[in-house]
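Participant: I would like the atomic coordinates for the input below:
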Amino acid sequence: MLKTGKLLRLRRLSLAGDGRHLFVPLDHSVSDGPIVPADKWDDLLRALVDGGADGIIVHKGRARAFAPDVLKRCALVVHLSASTACAGDVNAKVLVADVEEALRLGADAVSVHVNIGSDTEAQQLADLGAVARSCEAWGMPLIAMVYPRGPRIEDPRDPALLAHLANVAADLGADMVKTSVALPLERMAEVVAGSPIPVLAAGGPPDGSDLVEYGTAVMAAGCSGLAIGRRIFSAASPYALVSQLSAVVHGENGIAADMSMTATTPHYSTIVAGVA
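Facilitator: Below is the predicted model:
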């Protein structure tokens, strides 16, 4: 049975209360450098919130600098792991924060990155398990970002492999899994069918094509949401793009939806039933 705290936080991760999610990761400033000029961060955050993002994902130091009112209609997810593009092994993610720090920052969830097939897979799996234990103790939702990356991966778009990754996330204690998409996109239905937890489609279309069409396709395949960063924060109008993607994810509900618990997806229904 889920603790009340976790149930409340899970509820805050979906603005429309439909168990679907549009997350915008902004953790790229650790891996790659600045994503916008320092004096434009507040403008970017407000555009994402006003556009209807369900949550933003940042590292702990960035969360500490937010204006108090900026996330009034948007969940805060604190990312706990990192690496940089300058590292000898860019796939070697390490923990740089913990659940208790995220709680003190007012986080609604935390996320951890794991690269399956990398040389440091074993340590990353151990880190995910340790974070899951802390999340269970504190009633904190956990999003596992699990990707097929490293020298042992032959086809990173293989639906069977991605379904395996989703089960790794679930079995080690995550509440949601963010992962790569299968190709063709309709084969994400196989990944979703094999996953006991909600699946979030990462990034954007591999060929750089229309992001709204991409979102429509993966949601039609059964994904519970999108987690897209670079294609959004580098867009000419992040507000307009987030508004379009929010409509794709939530349909007509959007940010003006009735805030009652609708539990319209099987995964979200399971969560609610477990607490009833």
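
Participant: so for the helix or strand hosting E190, mean pLDDT?
Facilitator: Taking DSSP states H and E as the criterion, E190 maps to helix 188-193. Computed over helix 188-193, the mean pLDDT rounds to 98.

Participant: apart from its chain neighbours, what residue comes closest to P198?
Facilitator: Nearest residue to P198 in three dimensions, chain neighbours excluded: S224, at 3.5 Å (Cβ to Cβ, 6 or more residues apart in numbering). Every residue, glycine included, has its C-beta placed from N, CA and C.

Participant: for V248, see how far away the one you found is.
Facilitator: Distance of S224 to V248, computed by Cβ to Cβ, to the nearest Å: 13 Å.

Participant: which one of these two has more residues nearby?
Facilitator: A side-by-side neighbour count of S224 and V248, using other Cβ atoms under 10 Å, places S224 first with 25 against 21.

Participant: that one against R20, yeah?
Facilitator: Yes: judged on Cβ atoms under 8 Å, S224 makes contact with R20 at a distance of 5.7 Å.

Participant: check the closest residue to P148 other than its chain neighbours and give its pLDDT.
Facilitator: If the residues on either side of it in the chain are set aside, P148 comes closest to P156, at 4.3 Å by Cβ to Cβ, 6+ apart. As predicted, P156 sits at a pLDDT of 96.

Participant: what sits against P156?
Facilitator: The contact partners of P156, by Cβ atoms under 8 Å, 6 or more residues apart in numbering, come to 147-149, 180.

Participant: ok, I197 next?
Facilitator: I197 neighbours (Cβ under 8 Å, 6+ apart): 166, 169-170, 174-177, 267.

Participant: which non-adjacent residue is nearest it?
Facilitator: Closest residue in space to I197, ignoring its immediate chain neighbours: A170 at 4.5 Å, by Cβ to Cβ, 6+ apart.

Participant: helix or strand for that neighbour, which one?
Facilitator: Going by DSSP H and E, A170 is in helix 159-171.
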